[in-house]
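Engineer: Next come a sequence and a model predicted from it.
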Amino acid sequence: MSNRPDSDQRHQLSTVLHLPRDTIESKAWTLSLSPPVTLGGASVLRRQSYGEKEKWRILKNLTIMGFSFTLLFTAFMAMANLQSSIHNEGNLGLYSLACVYGAFLVSSLFVPPFLLARLKTKGTLLVSISGYIIYMVAQFYPKFETLIPASLFIGFCASGLWTSQGNYVTKIAEEYAVLKNLRSEIVSQWFFGFFFLCFHSSQIWGNLISSIILSGFKTNSDTAQQLNNTDETLNFDHCGANFCPAAGGKELKTMNGNKTVVDMSEKKAEVLQMQILTGIFVGCSILAGLVIFLGLDSLKRYGENEAKIMKTKWNSLLIATVAHWKNPTQLLLIPLATWMGIQEGFISGEFTVSYVTCGWGVQQIGFVMTAFGIAAATSSLLIGRMTEYVGRPIMFLTAAICNISCFITMLNWEPNPNEPHVFFIVTAIWGFADGVWSPQIRSLYGTIFKDTREAAFSNTCLWGSVGFIIIYLNATFVCMTIKIYIYLLILAIAMVGYFTVEFQTRKQKESLCW
């Protein structure tokens, strides 16, 4: 009896697999279709329909996703790194960043399913990118009435962006693992590692662009040289660990304390320089959307259940996310997800102001953060492979040691322009650690919570946003030394929770083996 599907079955296959009917008819099916094809067998049939080059198509989609995010975050991350320094009147820059992640926190509970139900994954990505474009345009007129609404809007869009990205990369990793007969967990680590290589490289390009464009800034090293020529010496003892927002970073005094040398609030880019920089970043954001629109395949090709998404209610993810808090494993991982946001926000929102701007000059932010981007990008690529051999716990422990060593250095070092190498060493070590945290935490959530992945990724976004908000709100009234000790405590709690989860997971696997 022939196993070739009849006309009705071919029509059903075409509908289920989202493939043209002539493609279905041209396949030499060897699959037994008794009982008839159902949605439950759709994934098997879909994978058997793939051509020889499907694995390359999956890699193409991963590359397109990574390149688009490189363009998008070349603009956003470089601009975010500058916010607290160039928009310091009334702490506008810090408040705008707090609004971004506050909106991200709230919207991550209900915006993703609302968008996915109507726009699907690719459409959600495109609409979300529009929020970043609007935020960049608002930089042309950086006032409270323009920047704060734009910050809220980009926060709402970011939740859709990152939920769609997480689902897309995880899904194509699963498909690739089946095609190559590999463990999906390993392929997921590779794919997220490559994606975050692209993502972190945006720190390199964005910060190089901003440093070149903003070359008109007068730096503290310039001021120090002028003082040396007049037998004066700058005192940087209020920078670094001694930096307090109450002082506002407004004064750098001579050693004898009787002369104010420079007012940091005057260190802003000229209007023309900022408009050129903003124009470049608007162009990068628009190009990111075009890359997704023209180059990325819809997830329908890989079995995205469109019918199920259409029935999803706007509050379904909110309910699922809150219900996820009943899971003891989720509760143990909350500090780790929060730490992910804290460590990302600290290097861009705290270190750049208290150490780089105060101790060396705002012009140097881009160059210093380029070191962070290089280290994070390299780490993201290598860690995915290294984790396969040494295990995730070793990599997380290494990242924690890197962060702790940086904190210890920050507590004992007085930043100044005569020690530029220290700025680069600290940011490079921090970047290496970030290259571990960002992809591995997301991969961890995707593999542990396979049956509740959307709720798990939503919790990652939510608690990561809490970490960012902690950073940006503390930045306005808590001194650096106190903040460092608080962040060290959160890191310690996060590591205890993580290793508890690893221990429980291994116990469960051992019990299954027996």
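Structural biologist: Received it, and whenever you're ready, just let me know what you need.
Engineer: Please identify which helix or strand holds the residue most central in space within the chain.
Structural biologist: The centroid of the chain falls nearest to residue 438 when counting by Cα atoms, centre = their mean (6.7 Å). Here residue 438 is covered by helix 420-448, with elements defined by DSSP states H and E.
Engineer: hmm, back to that, per-residue confidence at the residue nearest to the centre of the chain?
Structural biologist: According to the prediction, residue 438 has pLDDT 84.
Engineer: pretty sure it contacts residue 196?
Structural biologist: Yes. With contact defined as Cβ atoms under 8 Å, residue 438 counts as touching residue 196 (5.2 Å). Heads up, the C-betas are built off the backbone N, CA and C, glycines and all.
Engineer: Now the common contact residues for these two.
Structural biologist: Taking Cβ atoms under 8 Å, 6 or more residues apart in numbering as the criterion, residue 438 and residue 196 both touch 376, 380.
Engineer: circling back to that earlier point, does anything pack onto the helix holding residue 438? Which helices or strands?
Structural biologist: When contacts are defined as 3 or more Cβ pairs under 8 Å, 6 or more residues apart in numbering; DSSP states H and E, helix 420-448 packs onto helix 144-180, helix 184-213, helix 328-345, helix 351, helix 365-390, helix 392-412, helix 453-474.
Engineer: Could you give the separation of the longest one from the chain centroid?
Structural biologist: What it means is helix 144-180. Put simply, helix 144-180 sits 9 Å off its chain's centre (Cα atoms, centre = their mean, to the nearest Å).
Engineer: Flag every buried residue along it.
Structural biologist: 147-148, 150-177 (16 or more other Cβ atoms under 10 Å).
Engineer: Just the angle for that helix relative to helix 453-474, thanks.
Structural biologist: 140 degrees (axes from the mean of the first three to the mean of the last three Cα atoms, to 10 degrees).
Engineer: other SSEs contacting helix 144-180?
Structural biologist: Here helix 144-180 touches helix 42-48, helix 54-86, helix 92-107, helix 111-138, helix 184-213, helix 420-448, helix 453-474, going by 3+ Cβ pairs under 8 Å, 6+ apart.
Engineer: The third one too?
Structural biologist: Other elements packing on helix 328-345 under the criterion 3+ Cβ pairs under 8 Å, 6+ apart are helix 92-107, helix 420-448, helix 453-474, helix 480-513.
Engineer: could you point out which element follows that helix?
Structural biologist: helix 351.
Engineer: now that next one: mean pLDDT?
Structural biologist: Here the average pLDDT along helix 351 is 92.
Engineer: Show me what it is packed against.
Structural biologist: Counting by 3+ Cβ pairs under 8 Å, 6+ apart, helix 351 packs on helix 420-448.
Engineer: Could you check the helix it packs on and say which residues are buried?
Structural biologist: Those would be 420, 422-424, 426-448, for helix 420-448 by 16+ other Cβ under 10 Å.
Engineer: Same check on stretch 479-499?
Structural biologist: Neighbour counts over stretch 479-499 (16+ other Cβ under 10 Å) mark 479, 480, 483, 484, 487, 490, 491, 494, 495, 497, 498 as buried.
Engineer: these two touch, right, the fifth one and residue 346?
Structural biologist: Spelled out, it's residue 487. Yes. Counting by Cβ under 8 Å, residue 346 is a contact partner of residue 487 at 6.6 Å.
Engineer: wait, what's in contact with residue 79?
Structural biologist: So residue 79 contacts 135, 136, 139, 206, 210, 278, 281 (Cβ under 8 Å, 6+ apart).
Engineer: will you turn those into CSV that also has pLDDT, neighbour count and distance to residue 272?
Structural biologist: Listed next are the contacts of residue 79 as CSV, based on pLDDT from 0 to 100; neighbours: other Cβ atoms under 10 Å; distance: Cβ to Cβ, whole Å:
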residue, pLDDT, neighbour count, distance to residue 272
135, 95, 28, 21
136, 95, 25, 17
139, 90, 24, 14
206, 90, 30, 19
210, 86, 31, 15
278, 92, 20, 11
281, 95, 27, 15
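Engineer: Between the residues you listed, which sits nearest residue 53?
Structural biologist: Comparing those against residue 53 with Cβ to Cβ places residue 206 closest, at 34.0 Å.
Engineer: Name the nearest residue to the closest one, sequence neighbours excluded.
Structural biologist: Leaving out its chain neighbours, the residue that sits closest to residue 206 by Cβ to Cβ, 6 or more residues apart in numbering is residue 78, at 2.9 Å.
Engineer: okay, now the one you found: neighbour count?
Structural biologist: Number of residues near residue 78 (other Cβ atoms under 10 Å) recorded here: 30.
Engineer: That one and residue 281 touch, don't they?
Structural biologist: Yes. In this structure residue 78 lies within contact range of residue 281 using Cβ under 8 Å: 7.0 Å.
Engineer: what sits in contact with each of these two?
Structural biologist: 206, 209.
Engineer: Contacts only, for the closest residue to residue 243 other than its chain neighbours.
Structural biologist: Closest residue to residue 243 apart from its sequence neighbours, by Cβ to Cβ, 6+ apart: residue 354 at 3.8 Å. The contact partners of residue 354, by Cβ under 8 Å, 6+ apart, come to 239, 240, 243, 249, 480.
Engineer: Helices - which of the residues you listed land there?
Structural biologist: residue 480 (DSSP state H).
Engineer: Low-confidence stretches in the chain?
Structural biologist: 1-52, 85, 216-235, 246-270, 304-317, 509-514 (pLDDT under 70).
Engineer: Give me the residues contacting stretch 125-137.
Structural biologist: 68, 72, 75-76, 79, 100, 115, 119, 150-151, 153-154, 156-158, 160-161, 164-165, 168, 278, 281-282, 285-286, 288-289, 292-293, 296.
Engineer: Residue 477 belongs to a helix?
Structural biologist: No. Read with DSSP: H, G, I helix; E, B strand; the rest coil, residue 477 is coil and lies in no helix.
Engineer: burial measure for it, as a count.
Structural biologist: Neighbourhood size, residue 477 [other Cβ under 10 Å]: 10.
Engineer: Leaving out sequence neighbours, find the closest residue to it.
Structural biologist: The spatial neighbour of residue 477 that comes closest, neighbours along the chain excluded (Cβ to Cβ, 6+ apart), is residue 245 at 5.5 Å.
Engineer: Which two of the buried residues of stretch 479-499 have the greatest separation?
Structural biologist: Counting by Cβ to Cβ, the most remote pair of these is 479 and 498, 29.0 Å apart.
Engineer: ok, back up a step: using TSV, lay out the contacts of residue 354 together with distance to residue 93.
Structural biologist: Shown next, in TSV, are the contacts of residue 354 (distance: Cβ to Cβ, whole Å):
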residue	distance to residue 93
239	18
240	20
243	16
249	13
480	17
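Engineer: now the helices and strands packed on helix 328-345 as TSV including distance to residue 364?
Structural biologist: Below are the helices and strands packed on helix 328-345 laid out as TSV (distance: least, Cβ to Cβ, whole Å):
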stretch	distance to residue 364
helix 92-107	17
helix 420-448	7
helix 453-474	21
helix 480-513	18
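Engineer: For residue 274, which of these is the nearest?
Structural biologist: It is, among those and with distance given as Cβ to Cβ, helix 92-107, at 12.6 Å.
Engineer: which secondary structure elements does the closest one contact?
Structural biologist: helix 54-86, helix 144-180, helix 328-345, helix 453-474.
Engineer: make it 10 Å
Structural biologist: Where contact means 3 or more Cβ pairs under 10 Å, 6 or more residues apart in numbering; DSSP states H and E, helix 92-107 is packed against helix 54-86, helix 111-138, helix 144-180, helix 328-345, helix 453-474.
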